[in-house]
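# model the structure of this input:
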Amino acid sequence: MPTAGVEFAKVSYSPEGGHLVLRDISLALAAGTTTALLGRSGSGKTTLLRMVNGLVQPTAGEVRVEGHVVTSMRAPKDLVRLRRDIGYVIQETGLFPHMTIERNTALALELAEKPHSERESRARELIGWVGLDFDGLRNRFPWQLSGGQKQRVGLARALALDPSVLLMDEPFGALDPLTRSEMQTMLKKLLQRLSKTVLLVTHDLEEALYLADRVLILAEGQVVADLPSAEVSRSANPHVRDYLSVVRHKSER
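Numbers count the residues shown, from 1 in each chain. Predicted structure coming up:
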């Protein structure tokens, strides 16, 4: 059996005094694979993803990253160590507007007190990986970049410390269709090269099928579909069929 990069063991989550957002979820994500997580808004996708790096703590169950129990980590130093081994890419990129592209990219290395020469070398490498010109962009600020360029820098920054796990929360949701397609192509090639354990939250089934080895669908806080990407088109699961009908509808327009 493949080694689990990320595990959820009977995980539930309910905000104080609120309803159950997640209900008794048990999953094992094989190391080095990409898993896409789909579901309607409010289904619990982002909450589940944020449990991996300790930003949300479950009210029941355990979350493990490479065998380490995330839910037992409370001390700040333990959470910092955990998050250094988990890259996190969000739709809004999270780049600091007052920092140059070079500094944004290498910020995790700066916080880890790596020497300037190492930070510069790594930033150059990372910016090249995501298809950008380091020398042309290093001294620019985020507001001087296009949406696609900013998202590429956000991805580069998430990879700075060579994390074993990469969390991606609707990373391309705000991009126009052409830029989004270009980003998907770049990401697929990069993931094939780096072999990270990736959890990707998306609303787009076509994106999920292109990027992921496995597709999960959440509904009302529960996993209602879990299957390899290659089997999605043949699935009789009603939740999967709903997503497939959306894809067909788009193609018929």
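
# the top helix by length along the chain: how far from the chain's middle?
Secondary structure assigned by DSSP state H gives helix 177-194 as the longest helix of the chain. Centre-to-centre, helix 177-194 and its host chain are 13 Å apart (C-alpha atoms, centre = their mean, to the nearest Å).

# can you offset everything so residue one is 7?
Sure thing, new numbering starts at 7, so read that last one as helix 183-200.

# the very next helix or strand once past that helix to helix 183-200, inter-axis angle?
Following helix 183-200 in sequence order, the next helix or strand is strand 203-207 (DSSP states H and E). Using axes from the mean of the first three to the mean of the last three C-alpha atoms, to 10 degrees, the inter-axis angle of strand 203-207 relative to helix 183-200 is 160 degrees.

# just checking: what are the partner strands of strand 203-207?
Note on strand 203-207: by DSSP bridges, its sheet partners are strand 40-45 (parallel), strand 171-175 (parallel).

# and of these, who's closest to residue 57?
With C-beta to C-beta as the criterion, residue 57 lies closest to strand 171-175 of the strands paired with strand 203-207, at 10.0 Å. C-beta here means a position set from N, CA and C on the backbone, and glycine is covered the same way.

# need the strands paired with strand 203-207 in TSV with distance to residue 124 and mean neighbour count, can you?
Output for those, formatted as TSV (distance: least, C-beta to C-beta, whole Å; neighbours: other C-beta atoms under 10 Å):
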stretch	distance to residue 124	mean neighbour count
strand 40-45	29	24
strand 171-175	21	23
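
# nearest to residue 235, out of these?
Judged by C-beta to C-beta, the one of the strands paired with strand 203-207 that comes nearest to residue 235 is strand 40-45, at 7.6 Å.

# now for the helix or strand that the closest one is followed by, which elements pack on it?
Next along the chain after strand 40-45, taking DSSP H and E as the criterion, comes helix 51-58. Using 3 or more C-beta pairs under 8 Å, 6 or more residues apart in numbering; DSSP states H and E, the elements in contact with helix 51-58 are strand 10-19, strand 28-36, strand 40-45, strand 66-71, strand 171-175, strand 203-207.

# is it possible to export these to JSON lines including mean pLDDT?
Shown next, in JSON lines, are the helices and strands packed on helix 51-58 (pLDDT from 0 to 100):
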{"stretch": "strand 10-19", "mean pLDDT": "94"}
{"stretch": "strand 28-36", "mean pLDDT": "95"}
{"stretch": "strand 40-45", "mean pLDDT": "95"}
{"stretch": "strand 66-71", "mean pLDDT": "93"}
{"stretch": "strand 171-175", "mean pLDDT": "95"}
{"stretch": "strand 203-207", "mean pLDDT": "96"}
